[in-house]
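Peer 1: have a look; sequence and predicted model below, questions after that.
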Amino acid sequence: MKDLLHSARALLLDLASVLFFFLLYNTTHNMVLAVVSGLALAVGRIGWELLHHRRLDALQWISLVVVLASGAGTLHTSNPLYVMLQPTLIYLLAGVAMLQRGWMNRYLPPRVLEFVPDLGIAFGHVWAGLMFFSASLNLVLALNLGVTAWGAAISAWGVASKLALFFIQYGVMKIVGRRRYQAQSAAA
């Protein structure tokens, strides 16, 4: 359970500004408030990490740049289609960053890295695939739905798909890790 909470915490912190944006927008329908608040949270989180001398991975830097650029573009254009198409670019950039070998290591506890480092790399590519699929799905939804329906659909997909993959990955790594640990203990 401790390993699950460790991984979930890191994932939720990385998604916090996006989740906060969608939550605030869906409750207030105020794009400016949601964008500015999401930007403040993203910048604040990176600032906190830097203030505490923690190393930031490429995915975190890419996320910050994308959040800042997309937020500024949203505030500048106020065009709903622009807002709706942004996740496509964000998902594509995240997918490209997730193709980097070992990007997932910061989310994995030391025990996992000891027994199933290969699964961390494999699931890193599965996550990249999810991002590329999500980019395609967002493009289709943005071009065919209104703002409210799109917001509900892409929010539901974003949360549900990530949670599902997270729990699948956790289960597979736990089962395989336990088997490898038992095999190593039996051999010793």
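Peer 2: Yes, it's here.
Peer 1: tell me which element A142 falls in.
Peer 2: Using DSSP states H and E, A142 falls within helix 117-144.
Peer 1: could you give the angle of the very next helix or strand once past that helix to helix 117-144?
Peer 2: With elements assigned by DSSP H and E, the helix or strand that comes after helix 117-144 is helix 147-187. Helix 147-187 and helix 117-144 are oriented at 170 degrees to each other (axes from the mean of the first three to the mean of the last three C-alpha atoms, to 10 degrees).
Peer 1: and helix 147-187, how far from the chain's centre?
Peer 2: Relative to its chain's centre, helix 147-187 lies at 13 Å (C-alpha atoms, centre = their mean, to the nearest Å).
Peer 1: and it, what does it pack onto?
Peer 2: Where contact means 3 or more C-beta pairs under 8 Å, 6 or more residues apart in numbering; DSSP states H and E, helix 147-187 is packed against helix 2-28, helix 80-98, helix 110-115, helix 117-144. Where C-beta positions appear, they are placed from N, C-alpha and C, glycine not excepted.
Peer 1: now those helices in a markdown table, with mean pLDDT?
Peer 2: Formatted as a markdown table, the helices and strands packed on helix 147-187 follow (pLDDT from 0 to 100):
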| stretch | mean pLDDT |
| --- | --- |
| helix 2-28 | 69 |
| helix 80-98 | 85 |
| helix 110-115 | 84 |
| helix 117-144 | 94 |
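Peer 1: let's have those in a markdown table, adding distance to Q169 and mean neighbour count.
Peer 2: What follows is the helices and strands packed on helix 147-187, written out as a markdown table (distance: least, C-beta to C-beta, whole Å; neighbours: other C-beta atoms under 10 Å):
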| stretch | distance to Q169 | mean neighbour count |
| --- | --- | --- |
| helix 2-28 | 8 | 16 |
| helix 80-98 | 13 | 19 |
| helix 110-115 | 10 | 15 |
| helix 117-144 | 5 | 17 |
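Peer 1: go through those and name the closest to F167.
Peer 2: Judged by C-beta to C-beta, the one of these that comes nearest to F167 is helix 2-28, at 8.8 Å.
Peer 1: pLDDT score for A187?
Peer 2: Listed pLDDT for A187 reads 84.
Peer 1: how near is it to R111?
Peer 2: Counting by C-beta to C-beta, to the nearest Å, the gap from A187 to R111 is 18 Å.
Peer 1: what of M31?
Peer 2: For M31 relative to R111 (C-beta to C-beta), the value is 43 Å.
Peer 1: what of L145?
Peer 2: Separation of L145 from R111 (C-beta to C-beta): 43 Å.
Peer 1: contacting residues around the nearest residue to L108 once chain neighbours are set aside?
Peer 2: Excluding its sequence neighbours, the residue lying closest to L108 (C-beta to C-beta, 6 or more residues apart in numbering) is G120, at 5.3 Å. Counting by C-beta atoms under 8 Å, 6 or more residues apart in numbering, G120 makes contact with G102, M104, N105, L108, V112, L113, M173.
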